[in-house]
Every structure is written in C-alpha cells, then in structure tokens.
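[1] Any chance you can model this:
(2 chains)
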There are 2 protein chains.
Amino acid sequence: MRQLCIATMFALGCLCTGQASAQSALMKQAQGLFKPIPTTAPALPGNAATPAKQELGKMLYFDTRLSESHALSCNSCHMIGMGGVDLQETSLGHRWQHGGRNAPTVYNAVFEVAQFWDGRAKDLEAQAGGPLVNPVEMDTTPEHVIEQLKGIPGYTAAFAKAFPGVADPLTFDNVRKAIAVFEATLITPNAAFDRYLKGSEEALDANQKAGLELFIGKGCVACHNGINVGGSMYAAFGVIERPGAEILPPDDKGRFAVTKTASDAYVFRAASLRNVALTPPYFHSGKVWDLRQAVAIMGNSQLGADLNDGEVDRITDFLGSLTGDQPQVMLPILPPSVATTPRPKP
Amino acid sequence: MRQLCIATMFALGCLCTGQASAQSALMKQAQGLFKPIPTTAPALPGNAATPAKQELGKMLYFDTRLSESHALSCNSCHMIGMGGVDLQETSLGHRWQHGGRNAPTVYNAVFEVAQFWDGRAKDLEAQAGGPLVNPVEMDTTPEHVIEQLKGIPGYTAAFAKAFPGVADPLTFDNVRKAIAVFEATLITPNAAFDRYLKGSEEALDANQKAGLELFIGKGCVACHNGINVGGSMYAAFGVIERPGAEILPPDDKGRFAVTKTASDAYVFRAASLRNVALTPPYFHSGKVWDLRQAVAIMGNSQLGADLNDGEVDRITDFLGSLTGDQPQVMLPILPPSVATTPRPKP
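    Take a look at the predicted model:
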C-alpha cells in the first residue's frame, strides 16, 4: 500500500511537472514574441508630455470646431469609450462622405511602426494633421485651423501653457504635437494576455492557451507579434491566396500609393490585434463584421491554412484575451466661441 | 478737527450704508425673481435616480448605435464640454440633413417648463425619444432601438441593473427614463449670479449689477425669470415688433404646430439664459451669432425698447454672470458589438 502510494504520488508528480513545464514553455515562447502594454504613456521623441500639453491635446481631440463643418472631431471616428473606433465599414466624414478605409483604433496607436493602413505617416504627430485636411474627413486647411483656434480666446492661453517660452505657440505643428501627446495616453494595459506575459498562468484559460498555441504554430505570429500583436510591419493581403474583390477591393492598392513600388501592391500595415474583439468591422475595407470569419480569411489568404471551426474558435478565444483596460477619459471643457470666432461651413 | 472727523465719518457711514442698502435692494429684488441652480441633480417624478440608471443613461447618451447610421448620438448635437450645444445654426443629422431649429442646451434642461422650442414634450423623458425617431436627426424607430440594444449583450445586464425586478427591462420607455435621469445630472451651479443670489455682493461686478438692473427695469425679466432665467413660459417672438424673415422665418410658426391655436403663431418657449454666453448662435432659427446683437433684437422685438450700446453692453455683462460650473463627465465605456449586433445603415 505504501509503495503504491509513493508510486502514485510519483506518477502524479511527473504529470504535474510535465504540465507545468508545457505551460511554462508556451509562456516563455510568448514572452519572446510579444510584450505587455505598459501602464504609463510612452514618451514621444522631441515632444515632451506635460499635463498642460495633454490637456490641450484632449481639448483639440474633442473640438468639432477643428473641422470645416464644426460637426466632426477626432473623436467622431476614433471614439473613446467605443474601442477607439466608430464601428463603421468606413467612416462618415464631411457632408456624409465615406472615408476610403476602415478607421483603425486610436488605442495603442502610439506603438505602431507608422500610422494609417498604408503607413504614410511616420508617427502620431504626422498622422494628426491628415484627417483635418482630408476633403472626405474634416475638410479644413492648416491655415484655417490656426485662424479658427486664434478666434477662440481660451486657446491662446492653453497653447501658451502647453508650449511655454515660445513667441507664437499657436501653430499647426503644435496642434499636431498636442494631439499626439494626448493620443499617447490612450493605451490599454492589463489585458489577460498582458498578465499572462507577466507570469500569471491563470490569466489565460485552457481555450485561450490552445488558441495562443495555434496562433504561434499556424504562423499568425509572423505578422502579428510585438507589443501590439501586429502593427510592426507591412504584408501583402493575400500572400498565399488573394481574397475576393468584396473584401480586397482591386482599386485600393495599399502601400503602393505611398512607395510606388510594384511589390507594395495590396500591401498594408499588419493590423494590431490589441482590443480586436471591440473593433469590428475588420480589414482595411471594413467588410467583415465577424471576428471568427476574419480569422478564417486570414488563415486562407495569409497562411494557406484551412483552419477548422475548432481552430478558428480557439484563436478567437485567444484574441479575446487582448482586450485591455479601456482608457478612462474625463471630457474636456472646451473654450467658448465668441462673436468673432470663425463660423462653421456645413 | 475732532468734530470734522466725526462729521466725515458720519457722512462716509451714511454713504456706505446708503450704498449697501441700494445693493441689498437689488439683491432682494433678484432673489424674488430668480433662484440659484442647486448643486445636486433634481429628482424626476416617477423616475427615481440610482447610480446604475445614471450610468446606463450616460452610456445611451453617448452611444451612436442608437441612430440608424451609428454615427450620431445625443451628444452629437448636445455636446458635453461645449455648453451642451453644437454651435450650429441648426444641427446636422442623418445624411447631413439640417434640423428645423437650433439645438437648445441640455444643461439645466431639467428645469424647463417643457422641452423643445415649442414645448411639445412635457419633460426630459418625453423629449429623449424625439430625436431618436426624427428622420432628419437619428432616423430610427422605437422597435429598432430595442432590437439594436438587445443585440449588444452588455446592455442586457446594464438595463437589468438600472431597472431591477422587472421581467423585461429593455424597453423604449426605459431607454427614455435612463437618458432623462442622466440628463438631470447636467446642471451648472455656482455661476457668479447664483453666488449673488445666495448673498455675496462681490459675486457680481458693477457692470453686471448695472446690467441686472436694466434686465429687470427694461422688462426682460417678464419672460426670463425663475431658476433658468427663462424656460418657464411661452411668448410670441415679436410681441412689439416682429423681426425680419432672416431671423424669424415665416414658415416656422412655433407652438402653433402643437396647439393649433391662432394666438400661438410664432410663440416659442422663452429661452433659458443660463450659460447663454457659451451657446451661440441664438434664437430658434440660430441666425444670430453675437450675444450683443441678440440682446438688442430682444429689446426691439419684445420690449419696444431701443437699447443703446451701453445698455446692451451692461445686459450682456450680466448675462455673462449666468455661466455656471460646467458638468464634469467621465466618458462611459460602451458595451461592445458582437457578430450578431445589428449593423449601421449609413
């Protein structure tokens, strides 16, 4: 009896150790491929964050008077409290025009290799000016943005505080700098996956771990890696098999428009998968609303892998572990317009 | 010398007392005509406020998925942080259509005699359903609102928590009740004028007091009185002299559309003047952007008083004292859409 007990205990011991090792191996592998989201906003090179600059950036982010119509703000398409997106196929902009591509989330955008689906802006600061002057988005001009803001007395003081010791702080460059500094605060730490990366085995359940194993084993990780589980490189949509025109419209050649290099046709920035469960619809075309379907399409088009339903489910379970703490943002009190403030042109 | 001193002191004493009495008389008169905004949200009859209901109401207020397009929310036209308005002549709604009248502020709306410029909704709860189903605003239906919200799993729990012990809490009535309870929190206490009404002589400066005296003496107070300095009664726009068609468009007969009574032609709810400095443009037509001009027009059309520039300035100074503490609102984290959630129809 005593011998049997010892034998059983030994066997159980092996089993436990074996399982623990297997788990640790997966965790170790994951720790080599991914990085947790930090709990504080990262610094931006050449654009030091101060509370005054963050507050100004927040005001500008929510101020519809930055658009020609005074009806649209950064937050119209990148909604804080709604995954940092607008849940639209493509966004509705000036005079109800549709944008060309699905609006990517502003959350964790600071960690992307470059901004926009085609990477045409090198960082948040460069990005922030884009939608302002895009005729189908906010449809204004750098000159009018400055005229508008100079026409709202409260902004003079807010820019002076955010950019102290500068003769003329209210410039388009500083508009972009302040917005970027605010956007850098929009990060989502403490996802289950982040807790796992920091050593907590219990943070992921068995299905999510199985999904993570598939995510690595099937090769998703080739493009979706690093701190944002994506967003760090470019890839052709349809490496193995080009999806149909309803998902990959032939007239949008992606990064080709930026580089004019033939091999960049249908190349896009690999999407970050952080908070992906919160940000349908998917892909640059915004044509796929079901995350499971998006996973299956990626399996076919990028990996040549005909994932079965169970595999799709497990990978989707894993993706659910990438939802982090959503930013808590107090709405700014915007400086009032006065009689001489430039008026909207709706 | 001693006698002179005493005489001087006596004279000064009289002067001070005299001045104090004059100030007190104005304050006393004001206290009889107006009431300060309370510091806590008022209770709504038959719609008890709870933190869960306020939080749900806040979610619904910001959730664009309540509109047919998923691009518009209550906050699109009644922006928190921007005086509770959109600073547009008339609001931009579904498919960039213009609303019929200028959007009134949501701030302190709970204190109005009725809602909308023509008073067609008796309270916030009745109002909340209006823009949802208006084809030029959010363009949805009560049935679709419920279908939409039932398609977002997080709302099931939020309604159950806000309306406990009810078999089917997710109803259109409860949508309106929750929004009303949140809107009742959007009050702006502690304006300089409120501090004055509570006994602080220093709260208003000499110009503002002169403006208050004119405001009472010239008769503005006949319509603009009570807690909201307006919003408590109806009046014809143009009691004395009808303004031109550019300010009072002939095809909008105001309250006549509600009551079908001839004497209600061009009758509107007297606007609340709370935070009026923050809410251009003015009047139901939204045609006047300069508060000074609005004051002058009111003098002519309502009082037959040709106010001189100095009088207009003083009254405008007084109106500036009606700007209260603006609501501090933390953006809600909205429950995510899932694959089966009804999609936008932009």
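[2] pLDDT at A:Val239, what is it?
    pLDDT for A:Val239: 88.
[3] leaving aside the residues next to it on the chain, what's closest to it?
    A:Gln302 (5.1 Å; CB to CB, 6 or more residues apart in numbering or on different chains). For glycine as for every other residue, the C-beta is placed from the backbone atoms N, C-alpha and C.
[4] Could you count how many residues lie near the one you found?
    The tally of other residues near A:Gln302 (other CB atoms under 10 Å in any protein chain shown) stands at 23.
[5] again with the one 10 residues further on
    A:Val312 is surrounded by 20 other residues when neighbours are defined as other CB under 10 Å.
[6] In PDB, list the C-alpha atoms belonging to the helix or strand containing it.
    Using DSSP states H and E, A:Val312 maps to helix A:309-320. Output of helix A:309-320 as PDB, limited to C-alpha atoms (Å, rounded to 0.1, in the frame of the first residue of the first chain):
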ATOM      1  CA  ASP A 309     -14.100  25.600 -36.800                       C
ATOM      2  CA  GLY A 310     -12.500  24.500 -33.600                       C
ATOM      3  CA  GLU A 311      -9.200  26.100 -34.500                       C
ATOM      4  CA  VAL A 312     -11.000  29.300 -35.500                       C
ATOM      5  CA  ASP A 313     -12.800  29.300 -32.200                       C
ATOM      6  CA  ARG A 314      -9.600  28.800 -30.100                       C
ATOM      7  CA  ILE A 315      -7.800  31.500 -32.000                       C
ATOM      8  CA  THR A 316     -10.800  33.800 -31.500                       C
ATOM      9  CA  ASP A 317     -10.800  32.900 -27.800                       C
ATOM     10  CA  PHE A 318      -7.100  33.900 -27.600                       C
ATOM     11  CA  LEU A 319      -7.800  37.200 -29.400                       C
ATOM     12  CA  GLY A 320     -10.400  37.900 -26.700                       C
END
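[7] sec struct for the residue nearest to A:Val239, please.
    Under the three-state scheme (DSSP: H, G, I helix; E, B strand; the rest coil), A:Gln302 adopts helix.
[8] hang on, it packs against A:Arg242?
    No. Applying CB atoms under 8 Å, one finds A:Gln302 not in contact with A:Arg242, separated by 10.6 Å.
[9] what comes into contact with the helix or strand where A:Ala235 lies?
    With elements taken from DSSP H and E, the one containing A:Ala235 is strand A:234-236. The contact list for strand A:234-236 (CB atoms under 8 Å, 6 or more residues apart in numbering or on different chains) reads A:Gly119, A:Cys223, A:Arg255, A:Asp264, A:Ala265, A:Tyr266, A:Val267, A:Phe268, A:Arg269, A:Ala270, A:Gln302.
[10] excluding its backbone neighbours, what's nearest the second one?
    With CB to CB, 6+ apart as the measure, A:Ala270 is the residue that lies nearest to A:Cys223, at 3.9 Å, once sequence neighbours are left out.
[11] Could you report the pLDDT at that neighbour?
    The model's pLDDT for A:Ala270 equals 97.
[12] any idea how far chain B is from it?
    22 Å (CB to the nearest CB, to the nearest Å).
[13] mind listing what that residue touches?
    A:Cys223, A:His224, A:Gly230, A:Gly231, A:Ser232, A:Met233, A:Tyr234, A:Ala235.
[14] try 7 Å this time
    Residues counted as contacts of A:Ala270 (CB atoms under 7 Å, 6 or more residues apart in numbering or on different chains) are A:Cys223, A:His224, A:Gly230, A:Gly231, A:Met233, A:Tyr234, A:Ala235.
[15] related to what we said a few turns ago, direction included, what does the strand holding A:Ala235 pair up with?
    With DSSP bridges as the test, strand A:234-236 is paired with strand A:267-269 (antiparallel).
[16] now what about the partner strand, what contacts it?
    Here strand A:267-269 has contacts from A:112-114, A:117-119, A:231, A:234-237, A:254-256, A:284, using CB under 7 Å, 6+ apart.
[17] In the stretch 151-300 of chain A, what residue lies closest to chain B?
    A:Asp290 (3.8 Å; CB to the nearest CB).
[18] pLDDT below threshold where in chain A?
    Scanning chain A with the threshold set as pLDDT under 70 gives A:1-23.
[19] what residues does the stretch 1-150 of chain A put near chain B?
    A:62, A:69-71, A:80-83, A:87-88, A:92, A:95-96 (CB under 7 Å from any CB of the partner chain).
[20] Select only the buried ones of those residues in ChimeraX?
    Buried residues within those, by 16 or more other CB atoms under 10 Å in any protein chain shown, are selected in ChimeraX with:
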select /A:62,69,70,71,80,81,82,83,87,88,92
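[21] what's the closest of the residues of the stretch 1-150 of chain A next to chain B to B:Asn207?
    A:His70 (30.6 Å; CB to CB).
[22] how about the nearest residue to that closest one, chain neighbours excluded?
    A:His70's closest residue in space is A:Pro344 (CB to CB, 6+ apart), at 3.4 Å.
[23] can you give me the helices in chain A?
    A:2-33, A:51-62, A:74-77, A:124-133, A:142-150, A:153-162, A:172-183, A:192-197, A:206-217, A:256-259, A:291-298, A:309-320 (DSSP state H).
[24] Between these, which one is closest to B:Pro332.
    Closest among these, using CB to CB: helix A:74-77, at 13.3 Å.
[25] so what does the closest one touch, helix or strand wise?
    Counting contacts by 3 or more CB pairs under 7 Å, 6 or more residues apart in numbering or on different chains; DSSP states H and E, helix A:74-77 packs against helix A:51-62.
[26] Centre of the chain to stretch A:333-346, how far?
    The gap between the average C-alpha position of stretch A:333-346 and the chain average comes to 31 Å, counting by CA atoms, centre = their mean, to the nearest Å.
[27] domain parsing for chain A?
    Domain assignment for chain A by automatic domain parsing gives A:26-39+A:189-320, A:51-183.
[28] contacts for stretch A:34-41?
    A:49, A:108, A:184-185, A:187-189, A:191, A:194, A:197-198, A:225-227, A:229, A:324.
[29] switch to 8 Å and redo it
    A:49, A:108, A:110-111, A:184-185, A:187-191, A:193-194, A:197-198, A:225-227, A:229, A:274, A:324.
[30] A:Pro153 is in contact with A:Ala339, isn't it?
    No. Counting by CB under 8 Å, A:Pro153 sits too far from A:Ala339 to count as a contact (11.1 Å).
[31] which residues make contact with stretch A:238-250 from outside it?
    Contacts with stretch A:238-250, where a contact means CB under 8 Å, 6+ apart, come from A:Phe237, A:Tyr266, A:Phe283, A:Ser285, A:Lys287, A:Val288, A:Ile297, A:Asn300, A:Ser301, A:Gln302, A:Leu303, A:Gly304.
[32] Only whichever of these are buried, select them in PyMOL.
    Those of the contacts of stretch A:238-250 that count as buried under 16+ other CB under 10 Å are selected in PyMOL with:
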select buried, chain A and resi 237+266+283+285+287+288+297+301+302+303
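[33] what would the contacts of stretch A:238-250 look like in CSV with distance to B:Ala158?
    As requested, the contacts of stretch A:238-250 are exported to CSV (distance: CB to CB, whole Å):
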residue, distance to B:Ala158
A:Phe237, 37
A:Tyr266, 42
A:Phe283, 30
A:Ser285, 32
A:Lys287, 30
A:Val288, 27
A:Ile297, 32
A:Asn300, 37
A:Ser301, 37
A:Gln302, 37
A:Leu303, 39
A:Gly304, 43
